[in-house]
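Engineer: sequence and predicted structure, then a few things I'm wondering about:
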Amino acid sequence: MNEKTYTTPLGTIHYWVHIMDANIATLVFLPGLTADHRLFNKQTEFFKNKYNVLVWDAPAHAASWPFKFDFDLMDKAKWLNSIFEQGKITRPVIIGQSLGGYVGQVYAELYPANLKGFVSIDSAPLQRKYVTGIEIWLLKRMELIYFYYPWKCLLKSGTNGVAISKYGRKLMYDIMMVYDGDKKRYS
């Protein structure tokens, strides 16, 4: 995998790509909130000799830090499209985990003719009819909740809540430890 960058007015996005043939589909792995490209290590390794593969550190995550927190899902989808244009990727199959799935849904809405496929992993539909009022109320307060939640408890619930294998839990623990000592950024 070759590391590349895409510069936005708010910061630089780092991504890793392996292109075999521009005429075949590109599997685009988008990790969820607080996760980074390592979340898909096993998948990128398995698929990189069968398909084109791309995985990113989303804005403000891991190698894509520092990054100003002045963007939304639309911005992420537009930047993703610019990354595709920069790399001449014409047949993306977006595979989004959690927040990565939200980015994929917005991309599908903005660029439906460009998308070859979409896979959602632990992500919900973005349409308002699928979200209750209490869920929206809670989502608007998650930064504060995470900030005051004890870090050791966040580590435990974060690692146990996203994986069942020893490998997966260790990986998520390592990913979360990027934020150790900077709970405000994690929140």
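Structural biologist: That came through fine. None of these values were measured; they are calculated from a predicted model.
Engineer: is residue 110 in contact with residue 79, as I believe?
Structural biologist: No: between residue 110 and residue 79 there is no contact under C-beta atoms under 8 Å: 11.4 Å. The way it works is simple: take the backbone N, C-alpha and C, and place the C-beta from them, glycine included.
Engineer: which of those two has more residues huddled nearby?
Structural biologist: A count of neighbours by other C-beta atoms under 10 Å puts residue 79 above the other of residue 110 and residue 79, at 20 against 15.
Engineer: that one contacts residue 59, doesn't it?
Structural biologist: Yes: counting by C-beta under 8 Å, residue 79 does reach residue 59; the two are 7.2 Å apart.
Engineer: shared neighbours, the two?
Structural biologist: 8, 13 (C-beta atoms under 8 Å, 6 or more residues apart in numbering).
Engineer: spatially nearest residue to residue 36, not counting backbone neighbours?
Structural biologist: residue 62 (3.6 Å; C-beta to C-beta, 6 or more residues apart in numbering).
Engineer: got the contact list for the one you found?
Structural biologist: 14, 36-38, 175, 178.
Engineer: among the residues you listed, who's most crowded?
Structural biologist: residue 37 (25 neighbours).
Engineer: which phi and psi does that residue have?
Structural biologist: Main-chain dihedrals, residue 37, degrees, to the nearest 10: phi -60, psi -30.
Engineer: begin at 27 from here
Structural biologist: Understood, numbering begins at 27; the last thing we discussed is residue 63.
Engineer: quick check: it touching residue 56?
Structural biologist: No: Residue 63 lies out of contact with residue 56 (C-beta under 8 Å); the separation is 9.6 Å.
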